[in-house]
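Visitor: Next input, structure requested:
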Amino acid sequence: MPALAAAVYLCCYCLLMLLWYIYVAVASCCCSLMLICCIMLRYAHVVGTQKSPRPETKILFQSPLPTIRLELYYLRTPLFHNLFLHEEVESIKMPSSLLHQIATFLLLLCFLRTSSAVLFSSLHQALIVTASPRPGQVLYAGVDQIRVSWALNGSLPAGTGAAYAKVKISLCYAPVSQVDRRWRKTRDDLKKDKTCPFKITTTPYASVGGSYDYAVERSIPTATYFVRAYALDSSDVEVAYGQTTDAKKTTNLFHIIGISGRHASLDIAAACFSAFSVLALTFFLVAEKRKAKQ
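Guide: This next block holds a predicted model:
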């Protein structure tokens, strides 16, 4: 059942990602087409004049307010000449406010795409994080608790934590529990990283550090874990981190046994019914053979 649930989850995740990429592609194409139609059809004013052919193609921009003038001279060919009915396009006038809005929109899109990505490799390990479980200790979901403590690394220069506003603490998978599980894959982009999906708490940052008692939730699956803390700035962007393990995530790991839904009474009942079915089958086979001999 866990393997089936994992396969269903993986299929749903892949389907959602495929639909998301399709949506982004369609939305980008629609926005581009709308932008082109808006410029060429609604706001373009074409003035046709007769002029002598020019031997080269030239694009000239002039910017007298309140409009921006764009003059286009093209290399006259029979096909192009017939296409424009012997009229050369002299100028296209567009409101400067429209161009400013378009430029601002494109710049904003570029800024959002580049600024939203926070890479884990770019963060400094400025926090010292400790957790109460001993290395190799086994905890049970819905039963045990974890005490997490964090503090700023005292060896760092003064003023290191001046930009920190909050501390976000999460429960993270160890590499041994990520093998053959793409939905737990570690990525450098924190928006796509699946290493730490379980949030423990988010607390205000304090220079003296802090601690938190976390009751292991019943929904935590069986795996090997460690604890990681992120320092957030005033915009809730990760700027530093700390964790209870080393850089390779191989030390100070602990295990959590999740709730599988199986109990001892259920296992005993299943074993009894299985034994009864085998005995019943044997009894009826023996009885049929005796009847056949008679």
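Visitor: where do the helices sit along the stretch 101-250 of the chain?
Guide: Taking DSSP state H, counting those that start in this stretch as the test, none of the stretch 101-250 of the chain falls into helices.
Visitor: Okay, now the unreliable bits of it?
Guide: Segments of the stretch 101-250 of the chain classed as low confidence (criterion: pLDDT under 70) are 101-116.
Visitor: now the strands: where do they sit in it?
Guide: Assigned strands in the stretch 101-250 of the chain, in chain order: 124-125, 127-131, 138-140, 145-152, 166-173, 198-204, 210-215, 223-232, 238-243 (criterion: DSSP state E, counting those that start in this stretch).
Visitor: Show me what the shortest one is in contact with.
Guide: The one in question is strand 124-125. Strand 124-125 is contacted from outside by Asn153, Ala240, Tyr241, Gly242, Gln243, using C-beta atoms under 8 Å, 6 or more residues apart in numbering. The C-beta positions use only the backbone N, C-alpha and C, and glycine is treated the same way.
Visitor: Switch the strands of the stretch 101-250 of the chain over to CSV; also include distance to Ile259 and mean neighbour count.
Guide: Shown next, in CSV, are those (distance: least, C-beta to C-beta, whole Å; neighbours: other C-beta atoms under 10 Å):
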stretch, distance to Ile259, mean neighbour count
strand 124-125, 34, 13
strand 127-131, 21, 20
strand 138-140, 8, 14
strand 145-152, 16, 18
strand 166-173, 16, 22
strand 198-204, 15, 15
strand 210-215, 14, 14
strand 223-232, 13, 23
strand 238-243, 26, 20
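Visitor: Make TSV from those and add distance to Phe273 to it.
Guide: As requested, these are exported to TSV (distance: least, C-beta to C-beta, whole Å):
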stretch	distance to Phe273
strand 124-125	55
strand 127-131	43
strand 138-140	28
strand 145-152	38
strand 166-173	37
strand 198-204	37
strand 210-215	36
strand 223-232	32
strand 238-243	47
